[in-house]
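Q: I'll drop the sequence and a predicted model, then ask my questions.
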Amino acid sequence: MTITTSQTIDEITVSLNGVISIRQNITIFDNGNVIGNSFYRTTLIPNQDISDQPANVVAICNATWTPDVIASYQALLQKIPVSDANTTTGA
């Protein structure tokens, strides 16, 4: 019995605001036969550090995250109200 795993990025999606979603497929094999798999998802936001990402993801980020996209995303963040986590409502 030889258990091995394979991890591949099988989906990269770019949203209109520049956020990049990545899905990684993790497959588990026993003697070459698939015995299970799961998915891991993560997102990258414009201008995020991508130094630990695979080359294909870096290429997509660099092509997508133009100065205009980064500025638009930062402007979008400025519109989101900041709530006080210590404030409670109700009786």
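A: Happy to help now that I have it.
Q: contacts and neighbour counts: CA atoms only from here.
A: Fine.
Q: all strands for the protein, in order.
A: Assigned by DSSP state E, the strands in the chain fall at 3-14, 20-30, 33-44.
Q: where in the protein is pLDDT low?
A: Along the chain, segments meeting pLDDT under 70 span 84-91.
Q: which strands and helices lie in contact with the helix ranked longest in it?
A: Longest helix in the chain by number of residues (criterion: DSSP state H): helix 67-79. Applying 3 or more Cα pairs under 8 Å, 6 or more residues apart in numbering; DSSP states H and E, one finds that helix 67-79 contacts no other helix or strand.
Q: show me what counts as buried in that helix.
A: By neighbour count with 16 or more other Cα atoms under 10 Å, helix 67-79 contains the buried residues 69, 70, 73.
Q: correct me, but the last one touches residue 16?
A: No: checked against Cα atoms under 8 Å, the pair residue 73 and residue 16 is beyond contact range at 9.9 Å.
Q: picking up where we left off before, now the strands of the chain in a markdown table, with mean neighbour count?
A: Formatted as a markdown table, the strands of the chain follow (neighbours: other Cα atoms under 10 Å):
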| stretch | mean neighbour count |
| --- | --- |
| strand 3-14 | 13 |
| strand 20-30 | 17 |
| strand 33-44 | 12 |
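Q: looking at these, spot the one closest to residue 64.
A: Across the strands of the chain, residue 64 has its closest neighbour in strand 3-14 (8.0 Å, Cα to Cα).
Q: show me what the closest residue to residue 15 other than its chain neighbours is bridged to.
A: Using Cα to Cα, 6 or more residues apart in numbering and skipping the chain neighbours, the partner closest in space to residue 15 is residue 21 (8.0 Å). Assessed by DSSP bridges, residue 21 has beta-bridge partners residue 13, residue 43.
Q: now do the contacts for residue 21.
A: 11, 12, 13, 14, 15, 41, 42, 43, 44 (Cα atoms under 8 Å, 6 or more residues apart in numbering).
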